[in-house]
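# I'll drop the sequence and a predicted model, then ask my questions.
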Amino acid sequence: MTRLISLVALFALWQIAADFANPRLLPGPMTVLTAMRSEAASGALFQALGVTLARVAAAFVLAMAVGSRLAKPWDAI
Amino acid sequence: MMFDRAADPWVIVLLNLPALVIIVLAYIWVGLNEAAAIGAVALNKLPVTVVTIREGVRALDTRLDEMAHVFSFSPMKRLAHVAAPQLAPYFAAATRAGLSLVWKIVLVVELMGRPNGVGFEINTAFQLFDVPLLLAYALPFTAIMLVIETFAVQPFERYVSRWRPRAA
């Protein structure tokens, strides 16, 4: 609950800051949401997210596998 | 012990080599391809994993080893019931620290030499000075990683650390 309120406060602060700032430098949440929606509609957003997540997964698994082996856990056995 | 002493300089060099240097070298040496991209990210995370899990290996309780010896555990049993539970929290810590490191570096790798992905789109937004577009890609990706962190990594960490008196 506290986390939710804190998140809402973050968005409210963003909106207030955007009202005062140059809209080219700091767009408000609604402007970003519109941009997000148009990227999602074309499918480009999901494609980019998917590609990036796949890279994160591959690099993470590779590093964990090789790293765990290099740490020589069998020293303890 | 000899392994530790020999590996130490390697780990320290790799730990302190800037991510950007590793990425640029990977792209120059391996080429502008997927293997170089993923390899560069993995190489950035590698020393952190090694150091964290190695710390766990050093912290293994010798008294539990002696107990396993007294009860003449087989090597398999020793691995499963003595070593693995003690190493699991360190593995979880490496997972948590590693995932956040990896997803940040992946964006840099994409920005520098990949024709797709969130990092590439952020580069496009940068060139157009299009802040809404930049945030439209950055925020959903951050949200996804936050969800993975909260609902997969943290429960995993709690689960493998459950034998500890003070859980993570």
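Yep, that arrived.
# Which helix or strand contains residue 47?
I went with chain A, as the question did not name one. Using DSSP states H and E, residue A:47 maps to helix A:44-70.
# wrong one, chain B
Here residue B:47 is assigned to helix B:34-58, by DSSP H and E.
# Quick check: buried residues in that helix?
B:36-54, B:56-57 (16 or more other CB atoms under 10 Å in any protein chain shown). (Glycine included, C-beta is placed from N, CA and C.)
# before we move on, what about stretch A:56-75?
A:56, A:58-60, A:62-64, A:66-68, A:70-71, A:73.
# Just list the residues touching the residue of chain B found nearest chain A, thanks.
Nearest residue of chain B to chain A (CB to the nearest CB) works out as residue B:49 at 2.7 Å. Residue B:49 makes contact with A:63-64, A:66-68, A:70-71, B:94, B:98 under the criterion CB atoms under 8 Å, 6 or more residues apart in numbering or on different chains.
# So which of the residues you listed is the closest to residue B:6?
Using CB to CB, residue A:70 comes nearest to residue B:6 of the contacts of residue B:49, at 11.9 Å.
# From residue B:160, how far out is the closest residue to the closest one other than its chain neighbours?
In space, and not counting its chain neighbours, residue A:70 is closest to residue B:50: 4.8 Å by CB to CB, 6 or more residues apart in numbering or on different chains. Here residue B:50 is placed at a distance of 19 Å from residue B:160 (CB to CB, to the nearest Å).
# ok, now residue B:93?
From residue B:93 to residue B:160 the distance is 10 Å (CB to CB).
# cool, residue A:38 as well?
Taking CB to CB, one finds residue A:38 at 42 Å from residue B:160.
# Who has more neighbours out of these two?
residue B:160 (20 against 14; other CB atoms under 10 Å in any protein chain shown).
# List the buried residues in stretch B:68-76.
B:68, B:73.
# can I assume the residue nearest to residue A:70 is in contact with residue A:65?
No. Residue B:50 is beyond contact range of residue A:65, at 11.8 Å (criterion: CB atoms under 8 Å).
# Right, I'll leave it there.
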